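**Student:** Fold the stuff below for me.
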Amino acid sequence: MTNPTVRMARHSARHPWRAIVGWLLFVALCLGAGIAVGTRPATTEDYRIGEAGRAEALAAEGGLQPKPLERVLVQAAPGTGRPDPTQLAAGAAEIVARMRKLPEVLSVAGPFPDAEGTALRVDVTMKGAELDGKKHVDALLAQTSEVQAAHPGLVVAEVGGPSIGKGVDTLRGDDLARTEMIALPVTLITLLLVFGSVVMAVVPLLLALSSIVAAVGLSMLASHVFPDAGVGTNVILLIGLAVGVDYALFYLKREREERARNADGRLTGQAVVELAAATSGRAVVVSGLAVAVSSATLYLADDVIFSSIATGAVAVTLVAVLSSLTVLPALLAKLGERAERRRAARGATRKAPRTGSGRITAAVLRPVERHPAVTLAVSGLALVALALPVLDINITEMSRETHSRAIPAMRTYDRLMAAYPELRAMHQVVVRADAGRAEDVAGALRRLAGRAAAEDPAIGGTPVLRTSADRRVTVLELAVSRSVNSPGARESLARLRTEFVPATVGALPGTEVAVTGEVARYADYPDHQKRKLPLVVGALLLVTFAMTVWAFRSVVLGVVGVVLNLLSAFASLGLLVLVFQNRWAEGLLGFTSTGSIGSRVPLFLFVILFGLSMDYQVFVISRIREARLGGTPTRQAVLTGLSSSAGVVTSAAVVMVTVFAGFAALHLIEMKQIGFSLAVAVLLDAFVIRVFVLPSLMLLLGEANWWPARAIRAAGRAARTDRQPASVG
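**Tutor:** Numbering: from 1, shown residues only. Alright, predicted model coming up:
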């Protein structure tokens, strides 16, 4: 055969040890090369987006960019009554003295009392870039702990971007470890139920894990082109375990079917593997390419986080496909030889191939077969109903307030905000002008600060004005006493940008002005995602359509694939809105609703779901098309193809749902939303779309499914000719 998948399978089956050793060397080479080169992490510059990003770039030109900042809070211990000012001052003084001695520290300010006189605050600015703070914050935390131990009558605690970032990373790592401990056993049990063999169940799991290891190494290499935002490994684990097991499962199930059909022993084990490669092997290649190309559309989002996600997803998917085409046939050939020897030694006969569908599958397909129009209407309307809450979706960037309070720094953050509410957020107005205009710029910024304080209730505290050494860049900092995602903070930002800036410093000729700060960052990022969403989804629809048409030579099936994927994605997103934007499921899933959906979740859901949906679509339609090419009428081909693929699709869905549901148990709200939405999406896609909607629609479309595929029409004409009675005379 000229099919490349068959040629690869034939070579691996004939030289199994060569293929197995080659695969292990490939995995080791990928990981070794990645470790040798290292990971290039994303820098502060990579995260700059919108006006906020432009303002940060201007500030950096003058050396006024944000530095990593930690704040140490000194309060009386709970239950000790009103604090002794002398004790508070002693604790704060010791913090100041210790922090100034650290090489990681740039400057120390304070102590600053709160309005009630019950707390003191010390601000510690660290050296280096803003994102590098969490790498060096341990030294500061150690000093804070020592001061706490020396003053048991006080609460001495530290919080800031670096300590919160470190706490988030630690919590994420612990959560992922627990998720893996759950996902791996459940996956193994599912595979044991499917195959009834420990060896056959372990093979897909080992292939998936080895693919993950190789993809981690490759992603480290790729990070030098697409910087790693710290989520690449998470995505590789999330996608790798799902698709790695799926592809091996598709291949293994088909190999066992072909082996069962070979009851008379006419074919060798190698030939059986080649037959599986000619069918499921092609489906794996098409599915893998679809997932990879779909994931690659995330690069269009022009965002370092999505680029990192795309790199991880593409790498692990392509490696998983490669493992299914190379080392898996070799393993199957060796396992087949072993099974034949054991069977011959026992004098046992081969089991006859199992035909027909199971009772459950037959029962589920009965309404589809008898009443396709009703089944399509009911299931379609149910999905539309689930999708309706999307109309009320509120998309925001998840701020620090949404982090789990299991992170110690976040509990300190809550106490800090209670004592110093003016520190909740900050506006930064950045101005670049000629050095000779520095006084004019400073005067305009002071007028801006005065007007903002008088007219905007969200502005508080003392404004801070800083000018660069070359006097070309000036920054005004205004404290905001509102949470970054609150309506008051957003209104304050809007007035600053549209009223206060244009009327003051913006009116000066020859100046460039931009506004950044926490409020601006959390406002500009969702806006950026909303602008990019149509572009990415449009590319995604085009890719899905093109891949389906290429795989099945049918424009109709291309349109069907796009429509069904959209229906599945919107239904999943609607359920996500119901569960996470409202409060009724907080206790059930263990979260506190933010009243919104994370800005990254919809785009991630669309892209990953579209890719993974192709797994089921390609596998199911491949079986249907195979039957149709064999001369089976379309109606019967749909039912036969669905019956033969139902078991493997169900098993694959259980594996994916287990993996994604594990992420729904994480503490981080955005990861929880992603895990929940993907788990729900796979359930809907596997058990509603592929079982009810797709077959009902295909039954109603009949021969139109295959337009304009010539091979299908030729097979249909041949089948009709074969069924016609011979002429007499």
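
**Student:** And for Gly128, the neighbour number?
**Tutor:** 14 (other Cβ atoms under 10 Å). In short, each C-beta sits where N, CA and C put it, glycine included.

**Student:** Next up, the contacts around the closest residue to it other than its chain neighbours.
**Tutor:** Spatial nearest neighbour of Gly128, excluding adjacent residues (Cβ to Cβ, 6 or more residues apart in numbering): Pro68 at 6.6 Å. Pro68 makes contact with 125-126, 128-130, 132-134, 137, 160-162 under the criterion Cβ atoms under 8 Å, 6 or more residues apart in numbering.

**Student:** Using ChimeraX, define a selection of the buried residues within those residues.
**Tutor:** Burial among the contacts of Pro68 is assessed by 16 or more other Cβ atoms under 10 Å; the matching ChimeraX selection reads:
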select :125,126,129,130,132,133,134,137,160,161,162
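
**Student:** Quick one, which of the contacts of Pro68 has the minimum pLDDT?
**Tutor:** Least confident entry in these, by pLDDT: Glu130, with 78.

**Student:** wait, doesn't that one sit right on Ala60?
**Tutor:** No - using Cβ atoms under 8 Å, Glu130 makes no contact with Ala60, being 10.3 Å away.

**Student:** Report the separation between the residue nearest to Gly128 and Ala419.
**Tutor:** Pro68 is 22 Å from Ala419, where distance means Cβ to Cβ, to the nearest Å.

**Student:** Also Gly133?
**Tutor:** 22 Å.

**Student:** for Ala585, same thing?
**Tutor:** 33 Å.

**Student:** So those two - more neighbours on which side?
**Tutor:** Ala419 (18 against 14).

**Student:** Now do the contacts for that one.
**Tutor:** 73, 75, 114, 116, 118-119, 121.

**Student:** quick one: it and Ala150, what's the gap?
**Tutor:** Ala419 is 22 Å from Ala150, by Cβ to Cβ.

**Student:** just Ala363 next, same as before
**Tutor:** 71 Å.

**Student:** quick one: which helix or strand includes Ala514?
**Tutor:** Secondary structure from DSSP states H and E places Ala514 in strand 512-517.

**Student:** To clarify, my last question referred to Gln75.
**Tutor:** Short version: Gln75 belongs to strand 69-76, going by DSSP H and E.

**Student:** Contacts made by that strand with the rest, please.
**Tutor:** 82-84, 87-88, 91-92, 95, 99, 111, 118-126, 133, 137, 140, 144, 153-163, 412, 415-416, 419, 423.

**Student:** In PDB, list the C-alpha atoms belonging to it.
**Tutor:** The C-alpha atoms that make up strand 69-76 are tabulated as PDB, following Å, rounded to 0.1, in the frame of the first residue of the first chain:
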ATOM      1  CA  LEU A  69       7.100  45.300  45.600                       C
ATOM      2  CA  GLU A  70       6.500  43.500  48.900                       C
ATOM      3  CA  ARG A  71       4.600  45.000  51.900                       C
ATOM      4  CA  VAL A  72       5.100  43.800  55.500                       C
ATOM      5  CA  LEU A  73       2.100  44.300  57.700                       C
ATOM      6  CA  VAL A  74       2.600  44.600  61.500                       C
ATOM      7  CA  GLN A  75      -0.500  44.300  63.700                       C
ATOM      8  CA  ALA A  76      -1.400  43.100  67.200                       C
END
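
**Student:** so which of the contacts of Ala419 would you say is closest to Leu697?
**Tutor:** Distance to Leu697, by Cβ to Cβ, is smallest for Leu73 among the contacts of Ala419, at 61.0 Å.

**Student:** Any idea how many residues pack against that closest one?
**Tutor:** Neighbour number of Leu73 under other Cβ under 10 Å is 25.

**Student:** how near is it to Val105?
**Tutor:** If you go by Cβ to Cβ, the gap between Leu73 and Val105 works out to 17 Å.

**Student:** do Met656 as well
**Tutor:** Counting by Cβ to Cβ, the separation of Met656 from Val105 is 47 Å.

**Student:** Equivalent analysis for Arg446, please.
**Tutor:** 30 Å.

**Student:** how close does Thr658 get to Val648?
**Tutor:** Counting by Cβ to Cβ, the gap from Thr658 to Val648 is 16 Å.

**Student:** same thing with Val536?
**Tutor:** Distance from Val536 to Val648, by Cβ to Cβ: 30 Å.

**Student:** Same check on Ala320?
**Tutor:** Taken as Cβ to Cβ, the spacing of Ala320 relative to Val648 amounts to 16 Å.

**Student:** Those two: which is more packed in?
**Tutor:** When neighbours are counted by other Cβ under 10 Å, Ala320 and Val648 differ, and Ala320 comes out ahead with 32 against 23.

**Student:** On the three-state scheme, Val430 is what?
**Tutor:** Classification of Val430 by DSSP: H, G, I helix; E, B strand; the rest coil places it in strand.

**Student:** That one touches Leu58, doesn't it?
**Tutor:** Yes - the pair Val430 and Leu58 passes the contact test of Cβ under 8 Å, sitting 4.6 Å apart.

**Student:** Now for the two: what residues contact both?
**Tutor:** Counting by Cβ under 8 Å, 6+ apart, the common neighbours of Val430 and Leu58 are 473, 514.

**Student:** In terms of neighbours, single out the busier of these two.
**Tutor:** The residue with more neighbours, out of Val430 and Leu58, is Val430; 27 against 23, by other Cβ under 10 Å.

**Student:** Buried residues, whichever helix or strand comes after the strand holding Ala514. List them.
**Tutor:** Next helix or strand after strand 512-517 toward the C-terminus (DSSP H and E): helix 518-552. In terms of neighbour count (16+ other Cβ under 10 Å), helix 518-552 has its buried residues at 518-526, 528-529, 532-533, 536-537, 539-541, 543-545, 547-549, 551-552.

**Student:** what do you get for stretch 633-650?
**Tutor:** Buried-residue list, stretch 633-650, by 16+ other Cβ under 10 Å: 634, 637-650.

**Student:** residue boundaries of the helices in the stretch 351-500 of the chain?
**Tutor:** Along the stretch 351-500 of the chain, the stretches classed as helices by DSSP state H, counting those that start in this stretch are 359-370, 372-387, 408-419, 438-455, 487-495.

**Student:** So for Leu576, which of those helices sits nearest?
**Tutor:** The nearest among the helices of the stretch 351-500 of the chain, by Cβ to Cβ, is helix 372-387 at 10.1 Å.

**Student:** Which strands and helices lie in contact with the closest one?
**Tutor:** The elements that helix 372-387 packs onto, with contact taken as 3 or more Cβ pairs under 8 Å, 6 or more residues apart in numbering; DSSP states H and E, are helix 359-370, helix 555-576, helix 694-701.

**Student:** can you give me the angle it makes with helix 555-576?
**Tutor:** 40 degrees (axes from the mean of the first three to the mean of the last three Cα atoms, to 10 degrees).

**Student:** let's have the chain start at 222 instead
**Tutor:** Fine by me, first position is 222 from now on; the one you just mentioned is helix 593-608.

**Student:** circling back to that earlier point, so for Met877 and Val326, which sits in the more crowded spot?
**Tutor:** A count of neighbours by other Cβ under 10 Å puts Met877 above the other of Met877 and Val326, at 28 against 19.
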